[in-house]
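Trainee: Fold the following, please.
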Amino acid sequence: MGLITVNMENIEKEHICCAIADKKGETCVSSKKAWLKERFADGLVFRKLNERGKVFIEYIPAEKAWYPIEAPNYLHINCFWVSGKFKGQGYANQLLDSCIEDAKERNMDGITVLSSGKKMPFLSDPKYLKYKGFLTADTAAPYFELLYLPLKENSPVPKFKECAKKGEIEEQGMVLYYTNQCPHTDKYAPLLQKIASQHGAEFKLCKIETTQQAQNAPSPFTTYSFFNEGKFVTNEILSEAKFLKYLSEHGISN
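Mentor: Alright, predicted model coming up:
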């Protein structure tokens, strides 16, 4: 089983693996594929195992990344995932090594990736990355870490933009910032808004639709960042059950 690169020529027929397994077997991939198509021109690479499974890496030049970071001449890893029966077979190393080789061929200063102090949902595993030589470049509230792998002796240290470091926004109530970088946000974001409305609560959706908007977002994880009363709550894509539990815990009911 080898690695293949998804591009404009094969994207319609290739399986786009994702971190979420839908129990009903639904595929929420059309929005993600449309997002990828628009990013290919920016140098995005989506490389995966030639199998149906969650084994892939997605990266892009940091200047075009949908993250509020300053990392000139770096490649930024959007998503990096090896799951299930594919763990422990060396695929993570193969995928990461292919990204490193690509960065070297492009004469990049290094590679960045969003992580956390300890393993968190939808963020790359800090233990593995630090074992592979990644260092902490910067931190942002409440638990985000920007990791980097320098590839040159004097590689500049990347950083988060100030707009994303506090974990706070001015808007009150429940606010969700999200993009189509994940194939499931278009499904769950409107669903949560509907549930909140049914419980008599306001829920504002802020869909990020351009690179500029993403690079000036109030949270490092632009794919999905949920705020309540001005404070960051989670980057985990909440299911209906988890959101109902959150509402109950915060005394929000109809």
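
Trainee: Hmm, Val82 is touching Ile57, no?
Mentor: No. The pair Val82 / Ile57 is not scored as a contact, 9.0 Å apart, by CB atoms under 8 Å. In this view, the C-beta of every residue, glycine as well, is placed from N, C-alpha and C.

Trainee: got any residues that touch both of these two?
Mentor: Residues touching both Val82 and Ile57 (CB atoms under 8 Å, 6 or more residues apart in numbering) are Leu95.

Trainee: Name the residues of the helix or strand hosting Lys37 that are buried.
Mentor: Taking DSSP states H and E as the definition, one finds Lys37 inside helix 30-40. Within helix 30-40, the residues scored as buried using 16 or more other CB atoms under 10 Å are 31-33, 35-36, 39.

Trainee: And stretch 107-116, by the same measure?
Mentor: Within stretch 107-116, the residues that count as buried by 16+ other CB under 10 Å are 108-116.

Trainee: can you check stretch 123-130 too?
Mentor: Residues 123-126, 128-129 are the ones in stretch 123-130 that count as buried (16+ other CB under 10 Å).

Trainee: Restricting to C-alpha, output that stretch in CSV.
Mentor: Provided in CSV are the C-alpha atoms of stretch 123-130 (Å, rounded to 0.1, in the frame of the first residue of the first chain):
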residue,chain,number,x,y,z
LEU,A,123,-5.2,18.7,17.1
SER,A,124,-2.0,16.9,16.2
ASP,A,125,-0.4,14.8,18.8
PRO,A,126,2.3,16.9,20.6
LYS,A,127,4.1,13.8,22.0
TYR,A,128,4.7,12.3,18.6
LEU,A,129,5.7,15.6,17.0
LYS,A,130,8.2,16.6,19.7
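
Trainee: average pLDDT for it?
Mentor: Across stretch 123-130, the average pLDDT comes to 95.

Trainee: Tell me which residues are up against the top strand by length along the chain.
Mentor: When the chain is parsed with DSSP state E, its longest strand is strand 74-82. Strand 74-82 is contacted from outside by 17, 19, 44, 54-62, 65-67, 69, 91-92, 95-96, 99, 102-103, 106, 108-114, 124, 148, 158, 181, using CB under 8 Å, 6+ apart.

Trainee: host element of the closest residue in space to Leu44 that isn't next to it in sequence?
Mentor: Closest residue in space to Leu44, ignoring its immediate chain neighbours: Ile60 at 4.2 Å, by CB to CB, 6 or more residues apart in numbering. In the assignment (DSSP H and E), Ile60 maps to strand 55-61.
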